[in-house]
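Novice: Fold the following for me, if possible:
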Amino acid sequence: MPQKNYHLHLKGLVGGYDFDSSYVDFILGKHKDEQVNVLIDSLGGSVSTALSIAAAFSNHGNVAVHYVGMNASAATIASLGAKQVTIDCNAMYLVHKCSAEFFKWDNLNADDLDALIAQCKQMKNDLDKLDGNIASMYAGRCKKNSEELLALMKVGGWLTAQEAKEWGFVDEITNSKEDAAPVLTDAVASAMADAGIPIPNIAVPDTANSFLAFLKSLFRNNSNSNTSNNSKPDNKMKITATHLCDALGIESIEAVDNKVTLTAEQAQSIDNALAERENTITTLKAEVETMKQKPADSTSTIVDDKAKGGEKNEAEEFAETVNEAIKLFNSI
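Specialist: Numbers count the residues shown, from 1 in each chain. This next block holds a predicted model:
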């Protein structure tokens, strides 16, 4: 059964600071003669760390592991040395074949390729041995043969809590309010993709669906229009959206429960209006670009500020007065 107080909370990356074999050894050493309760919630990580933790659990002899959330890969290996393993009814469980990082981007000649092929063959042989060893460990807990477990690892699919129990990975399924159901966030999905782990079909946070929910709320769901007589009356109101009404050729739009329903014909009218507007904008932009490319002397209308009879500004009147004064002075 799950415990309210755990001696160890192993979460995150196996081999990381919060899922470290040295810390596990330290806690087990402090509780040599009592049951140690361990909570695991991890997508996996270092196989070597998981094997060390499994051995430490086995050597202690009285470790109870409880799984919550989504657990995969090395996180499932860590519990193989536990005396008892339980899992929350909403938790997920995955075993798969081991993998190794491989990066190579280079120009290779024939000799280099031979060396690389030999290296890859050696990596494959090592992984085959590791898979066989882990399959045997799984088989020991599940009371099945290694071939069956190796076949399951090759599939690499998610198991429900019930399926994990049927295989024999866990001893008991629990249903505690304290155990939160697994939630698939962007960070978790990204970590799964990086590790080559398939993404399970589970619930996503409401915040991830908020934008989609907003879009859905813009239009009424016609399938819900046939309500019973006992339902609350619809809250109707008219909306005057000038541009939208002009495009639809109507005076106003009726909204029911703050939602608007459009017919296929009205939707097409909006699309046509938007297309026409886009064409007009494109045409005007082209005309503006054409005018920018014309030379300045092509302007046909020129203002002649020397034409007779035109109104004079203050500067021109002042200049004329000065000139008349000069003429009068010279004539004396």
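
Novice: Against which helices or strands is whichever helix or strand residue 163 is part of packed?
Specialist: Using DSSP states H and E, residue 163 falls within helix 161-167. Counting contacts by 3 or more Cβ pairs under 8 Å, 6 or more residues apart in numbering; DSSP states H and E, helix 161-167 is packed against strand 84-88, strand 92-94, strand 172-174. C-betas here are computed from N, CA, C, even on glycine.

Novice: Pull the residues that contact that helix.
Specialist: 87-93, 142, 144, 152, 159, 170-173 (Cβ atoms under 8 Å, 6 or more residues apart in numbering).

Novice: Closest one of the residues you listed to residue 259?
Specialist: Comparing the contacts of helix 161-167 against residue 259 with Cβ to Cβ places residue 90 closest, at 34.2 Å.

Novice: per-residue confidence for the closest one?
Specialist: With respect to pLDDT, residue 90 has a value of 93.

Novice: Doesn't it lie inside a helix?
Specialist: No - Residue 90: not assigned to a helix; according to DSSP: H, G, I helix; E, B strand; the rest coil it is coil.

Novice: Wait, residue 95 touches residue 151, no?
Specialist: No - using Cβ atoms under 8 Å, residue 95 is not in contact with residue 151, being 10.8 Å away.

Novice: Between the two, which has more neighbouring residues?
Specialist: Under the neighbour definition other Cβ atoms under 10 Å, residue 95 and residue 151 were set side by side, and residue 95 has more, 26 against 11.

Novice: about what we covered before: could you export the helices and strands packed on helix 161-167 as TSV, including mean neighbour count and distance to residue 26?
Specialist: As requested, those are exported to TSV (neighbours: other Cβ atoms under 10 Å; distance: least, Cβ to Cβ, whole Å):
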stretch	mean neighbour count	distance to residue 26
strand 84-88	23	22
strand 92-94	23	27
strand 172-174	16	27
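
Novice: Out of those, which gets nearest to residue 13?
Specialist: strand 92-94 (15.6 Å).

Novice: Sheet-wise, list the partners of the closest one with their directions.
Specialist: Here strand 92-94 is paired, per DSSP bridges, with strand 70-72 (parallel), strand 158-160 (antiparallel).

Novice: Out of these, which is the most enclosed?
Specialist: strand 70-72 (a mean of 26; mean count of other Cβ atoms under 10 Å).

Novice: Residue 254 reaches residue 238, doesn't it?
Specialist: Yes - contact criterion Cβ under 8 Å: residue 254 and residue 238 qualify, at 5.7 Å.

Novice: that older thread, for my notes, please list the strands paired with strand 92-94 in JSON lines and give distance to residue 274 for each entry.
Specialist: Putting the strands paired with strand 92-94 into JSON lines (distance: least, Cβ to Cβ, whole Å) gives the following:
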{"stretch": "strand 70-72", "distance to residue 274": "45"}
{"stretch": "strand 158-160", "distance to residue 274": "45"}
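
Novice: For the ones you listed, could you give me JSON lines that also reports distance to residue 287 and mean pLDDT?
Specialist: Shown next, in JSON lines, are the strands paired with strand 92-94 (distance: least, Cβ to Cβ, whole Å; pLDDT from 0 to 100):
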{"stretch": "strand 70-72", "distance to residue 287": "60", "mean pLDDT": "93"}
{"stretch": "strand 158-160", "distance to residue 287": "61", "mean pLDDT": "94"}
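
Novice: Of those strands, which is nearest residue 47?
Specialist: strand 70-72 (12.2 Å).

Novice: Tell me which helix or strand comes right after the longest strand seen in the chain.
Specialist: Taking DSSP state E as the criterion, the chain has its longest strand at strand 36-45. Downstream of strand 36-45, the first helix or strand assigned by DSSP H and E is helix 47-60.

Novice: what does that following helix contact?
Specialist: 10, 14-15, 19-21, 24-25, 28, 32, 36, 38, 44, 63, 65, 73-75, 77-83, 98, 130, 134, 137.
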